[in-house]
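Asks: give me a model of this one.
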Amino acid sequence: MLSSALRGTVPAALLSLALPVLADSHSRHFDNVLGTSMDLSIVGVRSAEADKAFAAAATEAARLEALLSDYRPDSEVSRLNRDRTLPTLSPELRELIGHCRRWEASTSGAFSCKLGKARAIWQQAVSEDAVPDRRALRAMARQLRSTELPEPADGAYKLPDVIELDINGLAKGYVIDKVLAAMRGAAPTASGIKVDIGGDGLYSGRSPDDEPWQVGLTDANTDRAAPNGVVAVQNLAVAASGHHARGMTIRRRQFSHILATRDAWPTQPQVASYVMAPTAITADVVATLAASLAPSDSLEWIGAQADIEALLVLPSGRQIASAGWRQSEVLNNAGPMPQLSVTYEIPKVKAGKYRRPYVALWITNADRQPIRHLLLLGDSQRWAQENRRWWRAAGRDDSSLLDGYARSTRRPGTYTVRWDGRDDRGQPVVGNQFRLHLEAAREHGGHTYQTIDIDFSTPASETLTASGEFGDISVRWHRDGGSNTKTAAVQNAPLR
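Replies: Coordinates of the predicted model:
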C-alpha cells in the first residue's frame, strides 16, 4: 500500500540458512520505497548486469511513486483527488483505474477503489478520538455502490463528487509487477528474480539453489519466524493482508483499517489472509478482499477463480485453506501425511416443513480433544447448538468457529470431504489413532450422531448404512507421500 501509514513498517526479513549456491546471485535492499522498503534478488547474471537491473528497478519504483503515492501532494492521484479533474491521465493511472473497474465488477462490488472519502472520515475519527456516525457512513457506502468510477478515455478525466480515489488495495501490487518487468528488461537472461516491497513479493524463475523460492508467512503478533507456514513458489506472487499492524484505536476500541464496501465500516471478524496468484496486483487485490469478507464467502469466490490460492487465519489462530494451497506448502521433517476421505449423503425427506440439516464433521485425537473441523453447515448459533456433541466439544468455547468455518446448508445429495492430516492451525498431527465425528440436526426433524475410529497405521475403509439425518457414509484412510524437507532460504512475507 502507498499511504503514509506504511512509513515505519518493519521490512521483510531474509532468513539465510546454510545453502549450496548453484548460480550467481545478487541482492539489494532499498529504504524509503513507497513508504516502506524494497528487497531485490537476481539469479544467473554477472555483477554488472545485476547492477543494471537494480538501477532499473529503483528508477521504475521512484517514477511510479511520483504518480501514484497518495501521501505525496504532488502525485498525479493526489492532484486528481484534490482538483477533481485532470486534462489528461498518464498511461499508468489510466491502466490502474481500469484495473479498479474490472476488479469491482468481478467481485460484485466487494472490492472498490472508491472509498477515499470514507477512509478520510475514519482518519479524522482517529485524530478526534470519536467513533464516526455509522448511519452516515452506511448512506455514503450506498451512494458509492450506485456511482460508477468513470472509464478512462482520451482527454480530460473527472471524478464524480462522491468519489475520492483510493488505490491502496492494488497499487503496491501494480508497482511490484512493473518493477519486475523493468528488471527483466535490463537482465533478460536472469534465471530468477525476486521483488519484495513491504512484505508482498513476486518470485520469477528459480531461487539461487535452483529450486522454487520459499516464502515464510509471518504476522505481527509472534516471535516465530513463520508461524503460518512456508510455501514454495515459482512465477507466482505472494501477498498478505491483516488488521493489527495498521489498526485504528478510537476511545480504547480497536478497529481494522480495512473497510467493508457494503457500509464503509471496519470488517469483522478480523481475518488475516495470504494469497498466491500469477501477478502481484492480483495477489494484492485478493488478499485485501479475503481479509474483508466472511471466510466462507471469500473462499467460495477464490475457489471459482483459476490460479489463485489463499490461506485464511482466524483470530484464534485456526487456519482455512483453499483447495490447492497446501500443495505449495513446505513442511520440514514431516513424514507421510494422514489422508482421509469422507463421502456422506444428506437424504431426501418428505416433510411439510422440511429444513436442510445443520451438519458438523470433526476429528478428535486419542485424548478426545477436537483437533480439526472438516465441515460446518449452517451459521445460525441457535440451530448449530442442536448439534449437541459438537457444541459441547468445541462450539460453545469458540464463537469464531461459526464465523470462520460455517457454510450454507446443503440440499439433499452426496458430498465428499477430505482431511489432509493437519490440525486447525495447519500443523501436522502426531500419532495414528483418531476419531471421526459426524452429527446432523434439522429443524422440525431429527438428530443423528455417529463416530468412526481411525487407525492410520493401516490403510482401511469403513461404511455406515443410512441412519436418521444421514444417508450412507463411506470413509477411506491411509498415509500418503512425504513433504518437502529441503532446507532453503526463506523470504518472510509479513502481514501489512
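
Asks: partners of the nearest residue to residue 416 once chain neighbours are set aside in the sheet?
Replies: Distance criterion C-beta to C-beta, 6 or more residues apart in numbering; nearest residue to residue 416, sequence neighbours excluded, is residue 343 at 4.7 Å. The C-beta positions use only the backbone N, C-alpha and C, and glycine is treated the same way. Beta-bridge partners for residue 343, by DSSP bridges, are residue 416, residue 474.

Asks: pretty sure residue 343 is touching residue 470, no?
Replies: No. At 11.2 Å, residue 343 does not count as touching residue 470 under the criterion of C-beta atoms under 8 Å.

Asks: neighbours of the nearest residue to residue 43 once chain neighbours are set aside, just the number please.
Replies: Leaving aside its sequence neighbours, residue 43 sits nearest to residue 192 (C-beta to C-beta, 6+ apart; 3.6 Å). Residues within reach of residue 192, counting by other C-beta atoms under 10 Å, total 24.

Asks: so residue 192 makes contact with residue 209?
Replies: No. Shown here, residue 192 and residue 209 do not form a contact pair, counting by C-beta under 8 Å, at 9.9 Å.

Asks: shared neighbours of these two, anything?
Replies: Overlap of the contact sets of residue 192 and residue 209 (by C-beta atoms under 8 Å, 6 or more residues apart in numbering) is empty.

Asks: how far does stretch 313-328 sit from its chain's centre?
Replies: 9 Å (C-alpha atoms, centre = their mean, to the nearest Å).

Asks: could you measure from the residue nearest to residue 416 over to residue 177?
Replies: Using C-beta to C-beta, to the nearest Å, residue 343 is found at 42 Å from residue 177.

Asks: tell me who's in contact with the closest residue to residue 355 other than its chain neighbours.
Replies: With C-beta to C-beta, 6+ apart as the criterion, residue 355 has its nearest non-adjacent residue at 4.1 Å, and that residue is residue 443. Neighbouring residues of residue 443 by C-beta under 8 Å, 6+ apart: 353, 355, 383, 386.

Asks: mind putting the residues you listed in TSV, pLDDT, neighbour count and secondary structure included?
Replies: Shown next, in TSV, are the contacts of residue 443 (pLDDT from 0 to 100; neighbours: other C-beta atoms under 10 Å; DSSP: H, G, I helix; E, B strand; the rest coil):
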residue	pLDDT	neighbour count	secondary structure
353	81	7	coil
355	85	15	coil
383	75	16	helix
386	85	19	coil
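
Asks: could I get the residues you listed as CSV with distance to residue 156?
Replies: Output for the contacts of residue 443, formatted as CSV (distance: C-beta to C-beta, whole Å):
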residue, distance to residue 156
353, 61
355, 57
383, 56
386, 61
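
Asks: excluding chain neighbours, what is closest to the residue positioned nearest the centre of the chain?
Replies: Taking C-alpha atoms, centre = their mean, the centroid of the chain lies closest to residue 273, which sits 2.8 Å from it. Nearest residue to residue 273, sequence neighbours excluded (C-beta to C-beta, 6+ apart): residue 290, at 3.7 Å.

Asks: distance of residue 448 from residue 464?
Replies: Distance of residue 448 to residue 464, computed by C-beta to C-beta: 10 Å.

Asks: report the set of residues contacting both of the two.
Replies: Common contacts of residue 448 and residue 464 (C-beta under 8 Å, 6+ apart): residue 470.

Asks: residue 343 and residue 177: who's more crowded?
Replies: Relative neighbour count places residue 177 above the other of residue 343 and residue 177, with 20 against 16, counting by other C-beta under 10 Å.

Asks: which strands or helices does the helix or strand hosting the more buried one pack on?
Replies: Using DSSP states H and E, residue 177 sits in helix 171-186. The contact analysis (3 or more C-beta pairs under 8 Å, 6 or more residues apart in numbering; DSSP states H and E) places helix 171-186 against strand 36-43, helix 47-68, helix 91-106, strand 192-197, strand 200-205, strand 236-241, helix 280-292.

Asks: which one of those lies nearest to residue 24?
Replies: Closest to residue 24 of the helices and strands packed on helix 171-186 is strand 36-43 (C-beta to C-beta; 7.1 Å).

Asks: restricting to C-alpha, output the closest one in CSV.
Replies: Provided in CSV are the C-alpha atoms of strand 36-43 (Å, rounded to 0.1, in the frame of the first residue of the first chain):
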residue,chain,number,x,y,z
THR,A,36,8.4,1.1,3.2
SER,A,37,11.4,-0.9,1.9
MET,A,38,12.2,-2.9,-1.2
ASP,A,39,14.3,-6.1,-1.4
LEU,A,40,15.5,-7.4,-4.7
SER,A,41,17.3,-10.5,-5.8
ILE,A,42,18.5,-11.7,-9.2
VAL,A,43,20.0,-15.0,-10.1
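
Asks: going forward can the numbers begin at 552, since that is how I track them
Replies: Got it, the first residue is 552 from now on, which makes the last one we talked about strand 587-594.

Asks: which neighbouring elements make contact with that strand?
Replies: Strand 587-594 packs on strand 576-584, helix 598-619, helix 722-737, strand 743-748, going by 3+ C-beta pairs under 8 Å, 6+ apart.

Asks: highest mean neighbour count out of these?
Replies: Greatest average neighbour count among the helices and strands packed on strand 587-594 goes to strand 743-748 (a mean of 26), per mean count of other C-beta atoms under 10 Å.

Asks: direction included, what does it pair up with?
Replies: Neighbouring strands of strand 743-748 in its sheet, by DSSP bridges, are strand 587-594 (antiparallel), strand 751-756 (antiparallel).

Asks: residues in contact with the last one: which ones?
Replies: Just to be clear, that refers to strand 751-756. Contact partners of strand 751-756, identified using C-beta under 8 Å, 6+ apart, comprise 563, 594-595, 723-724, 727-728, 731, 735, 741-746, 763-764, 766, 784-791, 830-831, 834-835, 838, 1042, 1044, 1047.
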